[in-house]
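Q: Build me a model from this:
(chains A and B)
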Amino acid sequence: MGAVIVITSGKGGVGKTTTTANLGVGLAMLGEKVVLIDADIGLRNLDVVMGLENRIVYDLVDVVEGNCRPKQALIRDKRYDTLFLLPAAQTRDKNAVTPEQMKKLCAELKEEYDFVLVDCPAGIEQGFRNAIAGADRALIVTTPEVSAVRDADRIIGLLEAADLGDPKLIINRLRPDMVKRGDMMDIEDILEILAIDLIGVIPDDEKIIISTNRGEPVVANDNGSLSGQAYRNIVRRVRGENVPFLQLYKNSSIFSRLKKIMGLSG
Amino acid sequence: MSKYTVEFKGTKEGVTIYCQENAGFEEVLLDLAARLKQRAVFFGQSKVRIDVGGRQLTEAEQERLADVLAKNSKLVLAGVQTSAERTAEFSPARRRGETDDLKLENCKEGRSIVIKRTLRSGQSIHYPGNVIVLGDVNPGAEIVAEGDIFVYGTLRGIAHAGRGGDRSASVVALRLAPTQLRIASVISRAPDESALPNQPEYAYISDDRIMIAAVSTKFAL
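A: So this is what the prediction gives:
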């Protein structure tokens, strides 16, 4: 029996889709059987980021409406044959699916796959409610900006109310140089407000943009990108491993504070 | 007007026998015996308290009371009380815990709710009384209380105390950093660029404005 994990944020543009793609590929690289579900109906992106947009025949709405069987809609990844994508519909909107239908679909998929990752749309309305309906766990993505943190806090409250009470946090697009100058929130500031467990920190990296345009998630590239390494570490933590955090800060006192927060004593 | 010096009254606590203030003790005992004989069947084996008014009875006298009760009825004596105890039991001051050594001035009583968790953005509490939060109140969260608000954590959201017009209401927090503060009908916001305070503070109305003071100074409420 697999696990259904929803990747959500509240705020748009913080990296949910990028994270879903990278986690999916990363898990498949380690041999796990993975399905990615794009729940952003009407504004689908996961297919583009994975480089699979030309292969879409059926989509999520086709599946819940019974026009096809789930297997017919799943698209196998180009590189990893244990990784599949269930794309969203582009010509419909989020009212085309109900939470009950999502719950049923996720329950069915997790019988056969080790991980079902649901890419949640921005917002707190029907799209969000659909995406969390079938989930066992939640990952919250935020950037180190006040507005994103505010939205993440709202989401955590809503997840608690929906009994998804122990979400883990991913801080994306951190710029250590700006943090050092005091121009950007640091990890401690964010954790003070959100007060949930941190599962990963991804530094801002140009290579992400390049990889998105190419449809090749960074996690698979062996070109020394810090963001790729960060995603690989998150993948291992999702599987239950205790992995030390990357040293993003050159200032050792900040890093040792970080280690202290994480409970990883030196 | 009863010609007897004792009177039976049913109260919340059960049956209480009141002894007339200025009557002599012997007369009380006689009347008690007579009344008990009349009423014993009615009261059966209930517990009963005897209120002896302003009298200070000796032990011997208390024993004689108990005796009369036992000889003339099946009532069970639960206790003897004096009028001093009687008022003390029921006065609001005694209920509050005031004793002769401690006078509680300037205190407010009211309903309270204790919330043992952090309030997140978008969550709000409306309560007809005092609100106590053991946790933080994040930006975007809201507390609206008719009474006072106490946050044992960092208050970063909106707090509205004294909703309903109580201008003596206050907002207290370990770290008072709300986006907006409201007491009764007065609204105030933190100055832009203010740093997070490093000591507990409270907010109150003075001269139609909201003032903030550190908790270590005397409460000016």
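Q: Please name the residues that touch the residue of the stretch 1-150 of chain A found nearest chain B.
A: Nearest to chain B in the stretch 1-150 of chain A, going by Cβ to the nearest Cβ, is A:Arg150, at a distance of 5.6 Å. C-beta coordinates here come from the backbone N, C-alpha and C atoms, glycine included. Counting by Cβ atoms under 8 Å, 6 or more residues apart in numbering or on different chains, A:Arg150 makes contact with B:121, B:139-140.
Q: could those be laid out in TSV, adding secondary structure?
A: Shown next, in TSV, are the contacts of A:Arg150 (DSSP: H, G, I helix; E, B strand; the rest coil):
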residue	secondary structure
B:Ser121	coil
B:Pro139	coil
B:Gly140	coil
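Q: give me the subset of those touching chain A.
A: Residues of these in contact with chain A (Cβ under 8 Å from any Cβ of the partner chain): B:121, B:139-140.
Q: By neighbours, which of those residues wins?
A: Counting neighbours by other Cβ atoms under 10 Å in any protein chain shown, the top entry in these is B:Ser121, with 24 neighbours.
Q: Low-confidence ranges, chain A, go.
A: Chain A contains residues with pLDDT under 70 at A:249-266.
Q: ranges for the helices of it?
A: A:16-29, A:46-50, A:60-65, A:70-73, A:99-112, A:126-133, A:146-161, A:176-181, A:187-194, A:206-214, A:226-238, A:252-262 (DSSP state H).
Q: what about dumping the CA coordinates of the longest one to CSV?
A: Same thing as helix A:146-161. Extracted in CSV, the C-alpha atoms of helix A:146-161 (Å, rounded to 0.1, in the frame of the first residue of the first chain):
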residue,chain,number,x,y,z
VAL,A,146,6.2,37.4,4.0
SER,A,147,3.3,36.9,1.7
ALA,A,148,4.2,33.3,0.9
VAL,A,149,4.6,32.5,4.6
ARG,A,150,1.3,34.1,5.5
ASP,A,151,-0.4,31.9,2.9
ALA,A,152,1.4,28.8,4.1
ASP,A,153,0.2,29.5,7.6
ARG,A,154,-3.4,29.7,6.3
ILE,A,155,-2.9,26.4,4.5
ILE,A,156,-1.5,24.7,7.6
GLY,A,157,-4.7,25.8,9.5
LEU,A,158,-6.9,24.4,6.8
LEU,A,159,-4.9,21.1,6.6
GLU,A,160,-5.2,20.7,10.4
ALA,A,161,-9.0,21.2,10.1
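Q: The residue in chain B positioned nearest to chain A - nearest residue in space that isn't next to it in sequence?
A: Per Cβ to the nearest Cβ, B:Arg120 is where chain B lies closest to chain A, at 3.4 Å. Nearest residue to B:Arg120, sequence neighbours excluded (Cβ to Cβ, 6 or more residues apart in numbering or on different chains): A:Gly157, at 3.4 Å.
Q: Show me which residues of stretch A:36-54 are buried.
A: For stretch A:36-54, the neighbour count (16 or more other Cβ atoms under 10 Å in any protein chain shown) marks A:36-42, A:44-53 as buried.
Q: Now do the end-to-end distance for that stretch.
A: 17 Å (Cα to Cα, to the nearest Å).
Q: give me phi/psi at the residue located most distally from the centre of chain B?
A: In terms of distance from the mean C-alpha position of chain B, B:Glu193 ranks first, at 42.4 Å (Cα atoms, centre = their mean). With angles defined as degrees, to the nearest 10, B:Glu193 sits at phi 70, psi 20.
Q: one step back: as a markdown table, the helices of chain A with distance to A:Thr8 would be great.
A: As requested, the helices of chain A are exported to a markdown table (distance: least, Cβ to Cβ, whole Å):
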| stretch | distance to A:Thr8 |
| --- | --- |
| helix A:16-29 | 7 |
| helix A:46-50 | 14 |
| helix A:60-65 | 17 |
| helix A:70-73 | 22 |
| helix A:99-112 | 13 |
| helix A:126-133 | 7 |
| helix A:146-161 | 6 |
| helix A:176-181 | 25 |
| helix A:187-194 | 13 |
| helix A:206-214 | 19 |
| helix A:226-238 | 15 |
| helix A:252-262 | 22 |
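Q: Who are the contact partners of residue 112?
A: Assuming you mean chain A. Shown in contact with A:Glu112 (Cβ under 8 Å, 6+ apart): A:2, A:33.
Q: try chain B instead
A: B:129-132, B:147.
Q: Among those, which lie within strands?
A: Among the contacts of B:Ser112, the members falling in strands (DSSP state E) are B:130-132.
Q: picking up where we left off before, tell me, which of the buried residues of stretch A:36-54 make contact with chain B?
A: Among those, no residue sits close to chain B (Cβ under 8 Å from any Cβ).
Q: among those residues, which are in strands?
A: Members of these lying in strands (criterion: DSSP E): A:36-38.
Q: where does chain B come near chain A, residue by residue?
A: Within reach of chain A by Cβ under 8 Å from any Cβ, chain B has these residues: B:118, B:120-123, B:136, B:138-140, B:154, B:156.
Q: out of those, what pair is the most spread apart?
A: Based on Cβ to Cβ, the longest span within these runs between B:Gly122 and B:Thr154 and measures 17.3 Å.
Q: quick one: low-confidence parts of chain B?
A: B:1-2, B:11-13, B:84-103, B:217-221.
Q: Could you rerun that using 50?
A: The model of chain B has pLDDT under 50 over residues B:1, B:87-89, B:221.
Q: Does anything pack onto the helix with the most length in chain B? Which helices or strands?
A: Secondary structure of chain B per DSSP H: the longest helix is helix B:25-43. When contacts are defined as 3 or more Cβ pairs under 8 Å, 6 or more residues apart in numbering or on different chains; DSSP states H and E, helix B:25-43 sits against strand B:6-11, strand B:14-19, helix B:59-72.
Q: 6 Å - rerun?
A: strand B:6-11, helix B:59-72 (3 or more Cβ pairs under 6 Å, 6 or more residues apart in numbering or on different chains; DSSP states H and E).
Q: what angle separates that helix from strand B:6-11?
A: Helix B:25-43 runs at 50 degrees relative to strand B:6-11, counting by axes from the mean of the first three to the mean of the last three Cα atoms, to 10 degrees.
Q: and the residue lying closest to B:Gly162 once chain neighbours are set aside, how many residues sit next to it?
A: Nearest residue to B:Gly162 in three dimensions, chain neighbours excluded: B:Ala169, at 3.0 Å (Cβ to Cβ, 6+ apart). B:Ala169: 26 surrounding residues under other Cβ under 10 Å.
Q: Noted, bye for now.
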